[in-house]
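J.: show me the folded form of this:
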Amino acid sequence: MIPRYSLPAMADLWTDQARFEALLRVELAVLRVLADQGSVPAEAVEAIATRGRVDVERIAELERTTDHDVIAFVSQVAETVGDEGRWLHFGLTSSDVVDTGLALQCRAAGGLLIGALDDAIETLVVRAREHARTLQMGRTHSVHAEPITFGLKLASWAFELDRDRTRLRHATDDLSTGKISGPVGTYSQLGPDVEAAALASLGLAPDPVSTQIVQRDRHAAFLAAIAITGGSIERFATEVRNLQHTEIAELQEPFRQGQKGSSAMPHKRNPILSERLAGLARVLRGFAVAGLEDQALWHERDISHSSVERIVLPGATTLLHYMLVRFRGLVAGLVVRPDRMQENIDRGLGLHASSRLLTALVEDGGLSREAAYAIIQRTAMRAADERRSFRDLMTADPDVSAVLTADRLAASFDDERALRHAATILARLDTLVPAGG
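T.: Presented below is the predicted three-dimensional model:
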């Protein structure tokens, strides 16, 4: 991933240095098991553990001849060890080391992503509670529907990210799988006991039936979980963008001192971060598609997946990590304008009470649903066309006053009554972040 969209904590996991050090961890885990079994001299393993070093530049130099990065890696590390280096890669095939090392990297990356999700969810919960009673118009099809609170909107975002977290945790756990089963998965060189012990020391599970590789459905699921999380962020960012429209102006992205919105128009305060997040989510979906394409490898393996994964696994994890961190900052600094929210509700002329009036005319007025709907619809259309108060027109309608009391009609326009269960919904946030915790 380009530096613009990378943060050091994640980017550092995917350097060439980190990759080859993960491979060396796998090599040493296997050698220690073999030494315990007496198959490899313990002093050789100790020599490799103490003197073995990764030199990325030397590996690259050797690879220019070998055209095989794992062979170049093994040769380079062996050079730093001396005679005992001949035991390095004993009984192993390249994918034993590569797939198991990749599992270590993906597990670490998944852990960082889950931590970033934890932080984003906590920030959303804090702001949802802050705006638990901040009245806002709900919109469906971009048209006024019924009032909600801004806290309810943020709460829905928090629970969606929680579902993303569950998917990503499961995918990370599933991908924390290695294999030390040899060229076609038959343990022709080293036995299942070596695999079990070596992987246990690395905190990984063994693939129950591997071929030469760990099958790529696990990697595809990991990338899919990342893309779905990106889709959630895109949904949230799109909402911020919409609500920052000049004509709506209920939210504003944080705008720091010295920031500029346009080279030509000094008044501009644009939702650039939300737009960036929405765009980057599209890249994550592309990475996920590439991961799905990697599932169908030939026979016991080919290497068509390898080139793809060198791009998409570092790219997807680094990009989502960046997005989560930036999204958390967006939520923390989001400017909320309750006055504008109320103004937009008032501009709706009270039409949002139509469903409550429909219920009242059926329940208290004794009208059929069809008759009640026709009365309300004709009056609502008139109010919208003439820009007049819906409540005033309904009060003056003889068909309404004949069957509804003034108190019952007034109750239909009581937004507080309509939101009487909002607190119950918001209390569910306690399952994510305990109140007062």
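
J.: just the strands in the stretch 51-200 of the chain please.
T.: Assigned by DSSP state E, counting those that start in this stretch, the strands in the stretch 51-200 of the chain fall at 135-140, 143-149, 177-178.

J.: also the stretch 301-437 of the chain?
T.: Under DSSP E, counting those that start in this stretch, the stretch 301-437 of the chain gives strands at 335-336.

J.: low-confidence ranges in it?
T.: Within the stretch 301-437 of the chain, the ranges that satisfy pLDDT under 70 run 437.

J.: what about the longest helix seen in the chain, average pLDDT?
T.: For the chain, the helix reaching the highest residue count under DSSP state H is reported as helix 94-130. The predicted model gives helix 94-130 an average pLDDT of 98.

J.: show me what it is packed up against.
T.: For helix 94-130, the contact count by 3 or more Cβ pairs under 8 Å, 6 or more residues apart in numbering; DSSP states H and E identifies helix 8-11, helix 16-37, helix 69-81, helix 150-175, strand 177-178, helix 192-202, helix 217-243, helix 304-333 as packing neighbours. In short, each C-beta sits where N, CA and C put it, glycine included.

J.: so which bits of that helix are buried?
T.: 94-110, 112-114, 116-118, 120-121, 123-125, 127-129 (16 or more other Cβ atoms under 10 Å).

J.: run the angle between that helix and helix 16-37 for me.
T.: Orientation check (axes from the mean of the first three to the mean of the last three Cα atoms, to 10 degrees): helix 94-130 against helix 16-37 gives 120 degrees.

J.: now do helix 94-130: distance to the chain's middle.
T.: Centroid separation for helix 94-130 versus its chain: 9 Å, with Cα atoms, centre = their mean, to the nearest Å.

J.: cool, and stretch 143-158?
T.: The answer for stretch 143-158 is 21 Å, by Cα atoms, centre = their mean.

J.: all further residue positions should be reported with the first residue as 55.
T.: OK, 55 is where the count begins now, so the last one is stretch 197-212.

J.: highest average neighbour count across the strands of the stretch 105-254 of the chain?
T.: strand 231-232 (a mean of 24; mean count of other Cβ atoms under 10 Å).

J.: list the strands paired with it, with their directions.
T.: Here strand 231-232 has these sheet partners by DSSP bridges: strand 259-260 (parallel).

J.: how much space separates residue 248 from residue 312?
T.: Relative to residue 312, residue 248 is positioned 60 Å away (Cβ to Cβ, to the nearest Å).

J.: of those two, who's got more company?
T.: residue 248 (22 against 5; other Cβ atoms under 10 Å).

J.: which one is the more buried one nearest to, not counting chain neighbours?
T.: What sits nearest to residue 248 in space, not counting adjacent residues and going by Cβ to Cβ, 6 or more residues apart in numbering, is residue 87, at 5.2 Å.
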